[in-house]
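> here is a sequence together with a model predicted from it:
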Amino acid sequence: MNLLLRDVQVDGVLTDVTIEGDRISAIGARLPVPPDAIVVDGERGALLPGLHDHHLHLLALAAASTSVRVRPGNGGDPLGFASELRAADTRLSMGSWLRAVGYHDRTGRPLDRWVLDEIVSDRPVRVQHRSGALWVLNSAGLDALGLLTGAPPPGCELLSDGTPTGRLWRLDAWLADRLPIDPPDLGAVGRRLCALGVTGVTDATPTADTSGFDRLASASWLGEIPQRIVVTGAPGLDIGSVPSSLTVGPAKILLPDHDLPSLDELVHQMRTARAARRNVAVHCVTRHALVLTLAAIDEVGAVAGDRLEHGAVIPSAVYPAIRAHGLTVVTQPNFVAERGDDYLAEVAREDLGDLWPCASLLDAGVAVGAGSDAPFGDEDPWRLIHAASQRRAPSGATVGADERIPAARALEMLLSDHRQPGGPVRRIKIGAPGDLCLLHTSLSAALAALPDNPVRAVVIRGCLHEPA
Ligand SMILES: [Zn+2]
């Protein structure tokens, strides 16, 4: 099916655009209607290249949409969180798991099985910490998984007498093998991303096996997720077995924030990626992880396309090293808007000035791309853009005012090619892929109305997707 977009603004100029097959075939005033074309009156709305979220997690996002989401506000109030869980408890069928995501300790008493038992005790409950690194189970949950009687796997936190506390660190794969299968609704994720103008994503999950990729590939093949999907996977991943409907991106190296590997181990992981001719994308949230990563890159050598994921804390003293290696920082400005009050309350004073840098990195000549880290961050790219230009916490407090960038510049961090997250903006030109985002208004009006979502429709591989 071909497409004619009438009266759209491309780089501020009113024009028509045709897409034939999956490519842009003509741009100009009063274009003739191509054969079998759908004609869309653009009503002078801006036409942009489709947005690419450079860092998110599709399966986790789909699973999160069927979970209780602990948000700032209701998680800050322990009773608010409890009432959310109790309300979900009444909605679910007997005996099924209750799943909650986005938890963050604010009360001083860490969440454990006994705290959860006081809230819901007669069905299995699991609550994910918002970092993604920790699951907390109630006693019924531990029992359902055999953890009250069997040998606990490493990562299952124990009291000195061997009693499990319910806190399971980095045990997602172990849990996935034992939990009832509850197929996540990837179609809902695809529709949501379309409604937000997203035409491509990089799934930054460091999985070592390809079963998750098979689910993504089938969702792609069935059209549930129409977006182009780039996957990362771990350095040891057998890339030959990745389904062809997915694009293989850099190898994701996860550095557990609480248990960093040795320099030798990290160098080994990077060399494994290099042996498969892959770039690396290293999870760098803390100052220590960053220093370790740069030391490993010094040893292995950087290749164009290597990335630092998150860059939550980057002292300006290391900007020259990042730039000299040509590393791209893939940042999440949205976290400042979502978690800014927690940062102001909890982040060490010496780190506050180095938190989620953006403007200063760009000024130093470092390439910066953006991704939402959904479901750990909000998947809405327009909120991300707004956050980058405002740097305001939910309370309204400013976090790092000097790191603000103009909204139009923040948008560019989502318009770059997936191979170069901080690289040049993709352009609407003849022969370019038919991956486009049509707004209701001009771009300047859309940016002035942020964080409202300005998207009217997307085109992906030449196919029109309008929100219902
Ligand atoms: Zn992530």
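All right, it came through fine.
> distance from the chain centre to the helix or strand of the chain with the lowest mean pLDDT, please.
The least trusted helix or strand in the chain, going by mean pLDDT, DSSP states H and E, turns out to be helix 78-91, with a mean of 75. Relative to its chain's centre, helix 78-91 lies at 26 Å (C-alpha atoms, centre = their mean, to the nearest Å).
> any idea which helix or strand comes after it?
Once helix 78-91 ends, the next helix or strand along the chain (criterion: DSSP states H and E) is strand 98-103.
> now that next one against helix 78-91, angle please.
150 degrees (axes from the mean of the first three to the mean of the last three C-alpha atoms, to 10 degrees).
> residues in contact with strand 98-103?
With contact meaning C-beta atoms under 8 Å, 6 or more residues apart in numbering, strand 98-103 is reached by 63-64, 66-71, 75, 81, 84-85, 88-89, 92, 111, 120, 123-130, 136, 375-376. No exception for glycine: its C-beta is placed from N, CA and C like everyone else's.
> tell me which strands it pairs with, and in which orientation.
Using DSSP bridges, the strands paired with strand 98-103 in its sheet are strand 68-69 (parallel), strand 125-129 (parallel).
> need the winner for burial among those.
strand 125-129 (a mean of 24; mean count of other C-beta atoms under 10 Å).
> against which helices or strands is the helix or strand that that one is followed by packed?
Per DSSP H and E, strand 125-129 leads on to strand 134-137 as the next helix or strand towards the C-terminus. Counting contacts by 3 or more C-beta pairs under 8 Å, 6 or more residues apart in numbering; DSSP states H and E, strand 134-137 is packed against helix 113-119, strand 125-129, strand 164-169.
> partner strands of strand 134-137 and their direction?
Sheet pairing for strand 134-137, assigned by DSSP bridges, gives strand 125-129 (antiparallel), strand 164-169 (antiparallel).
> show residues contacting the last one.
Spelled out, it's strand 164-169. So strand 164-169 is contacted by 110-114, 116, 133-139, 141-142, 147-148, 152, 155-159, 174-175, 258 (C-beta under 8 Å, 6+ apart).
> go with 7 Å
112-113, 116, 133-138, 142, 147, 152, 155-159 (C-beta atoms under 7 Å, 6 or more residues apart in numbering).
> chain center to that strand, what's the gap?
Its chain's C-alpha centre and that of strand 164-169 lie 26 Å apart, by C-alpha atoms, centre = their mean.
> do the next helix or strand after it and the ion meet at all?
Going down the chain from strand 164-169, the next helix or strand is helix 172-178, by DSSP H and E. No: using C-beta under 5 Å from the ion, helix 172-178 stays clear of the ion, with a minimum separation of 12.4 Å.
> how about helix 172-178: buried residues?
172, 174-175 (16 or more other C-beta atoms under 10 Å).
> likewise for stretch 412-431?
Using 16+ other C-beta under 10 Å as the test for burial, stretch 412-431 gives 412-416, 418, 420-423, 426, 428.
> mind checking which of these land in strands?
With DSSP state E as the criterion, strands contain none of the buried residues of stretch 412-431.
> report how many residues lie close to the closest residue in space to H418 that isn't next to it in sequence.
Spatially, and ignoring its direct neighbours in sequence, H418 is nearest to V230 (4.8 Å; C-beta to C-beta, 6 or more residues apart in numbering). By other C-beta atoms under 10 Å, 19 other residues sit near V230.
> returning to that earlier point: buried subset of the contacts of strand 98-103?
Buried among these (16+ other C-beta under 10 Å): 63-64, 67-68, 70-71, 75, 81, 84-85, 88-89, 111, 120, 123-130, 136, 375-376.
> list the contacts for the residue in the stretch 351-468 of the chain positioned nearest to the ion?
Closest residue of the stretch 351-468 of the chain to the ion, C-beta to the ion: D373 (4.4 Å). Residues near D373 by C-beta under 7 Å, 6+ apart: 55-56, 332.
> as a markdown table, those residues with neighbour count and distance to the ion would be great.
Supplementary listing: those in a markdown table, determined by neighbours: other C-beta atoms under 10 Å; distance: C-beta to the ion, whole Å:
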| residue | neighbour count | distance to the ion |
| --- | --- | --- |
| H55 | 27 | 6 |
| L56 | 24 | 7 |
| Q332 | 28 | 8 |
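> give me the residues contacting stretch 398-414.
Stretch 398-414 is contacted by residues 51-53, 333, 336, 340, 343-344, 355-360, 362, 368-370, 381, 385-386, 388-393, 425, 447, 450 when judged by C-beta under 7 Å, 6+ apart.
> so of those, which ones are in helices?
The helices, defined by DSSP state H, take in 336, 340, 343-344, 359-360, 362, 381, 385-386, 388-390, 447 from these.
> how many neighbours does the residue lying closest to H288 once chain neighbours are set aside have?
Using C-beta to C-beta, 6+ apart and skipping the chain neighbours, the partner closest in space to H288 is L260 (6.1 Å). L260 is flanked by 16 other residues according to other C-beta under 10 Å.
> can you classify L260 as helix, strand or coil?
coil (DSSP: H, G, I helix; E, B strand; the rest coil).
> tell me the pLDDT at it?
For L260, the pLDDT comes out at 93.
> cool, and G212?
85.
> format the helices and strands packed on strand 134-137 as a markdown table; extra columns: distance to the ion.
Listed next are these as a markdown table, based on distance: least, C-beta to the ion, whole Å:
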| stretch | distance to the ion |
| --- | --- |
| helix 113-119 | 25 |
| strand 125-129 | 13 |
| strand 164-169 | 17 |
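> how about the ones you listed in TSV, adding mean pLDDT?
Below are those laid out as TSV (pLDDT from 0 to 100):
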stretch	mean pLDDT
helix 113-119	93
strand 125-129	92
strand 164-169	96
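> the ion contacts on the stretch 351-468 of the chain?
Near the ion, when you scan the stretch 351-468 of the chain using C-beta under 5 Å from the ion, you find D373.
> try it again with 8 Å
371, 373, 376 (C-beta under 8 Å from the ion).
> hmm, R86 is touching I119, no?
Yes: with contacts counted by C-beta atoms under 7 Å, R86 reaches I119, the gap being 6.4 Å.
> more neighbours, those two?
Neighbour totals were compared for R86 and I119, and I119 leads with 20 against 12 (other C-beta under 10 Å).
> ok, the residue lying closest to that one once chain neighbours are set aside to G249 distance?
The shortest distance from I119 to any non-neighbouring residue, by C-beta to C-beta, 6+ apart, is to A82 (4.6 Å). Taking C-beta to C-beta, to the nearest Å as the measure, A82 falls 40 Å from G249.
> and the two? which has more neighbours close in?
G249 (23 against 16).
> what segments of the stretch 201-350 of the chain are strands?
Assigned by DSSP state E, counting those that start in this stretch, the strands in the stretch 201-350 of the chain fall at 228-231, 247-248, 251-253, 280-284, 307-310, 328-331.
> quick revisit: show me what contacts the residue nearest to H418?
201-203, 247, 249, 418.
> re the thing from before, now render the strands paired with strand 134-137 as a markdown table, adding distance to G102.
Shown next, in a markdown table, are the strands paired with strand 134-137 (distance: least, C-beta to C-beta, whole Å):
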| stretch | distance to G102 |
| --- | --- |
| strand 125-129 | 7 |
| strand 164-169 | 16 |
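> next one: phi and psi at P421?
Main-chain dihedrals, P421, degrees, to the nearest 10: phi -60, psi -30.
> what's around the closest residue to it other than its chain neighbours, how many residues?
Leaving aside its chain neighbours, P421 sits nearest to G369 (2.4 Å; criterion: C-beta to C-beta, 6+ apart). Per other C-beta under 10 Å, the neighbour tally for G369 reads 25.
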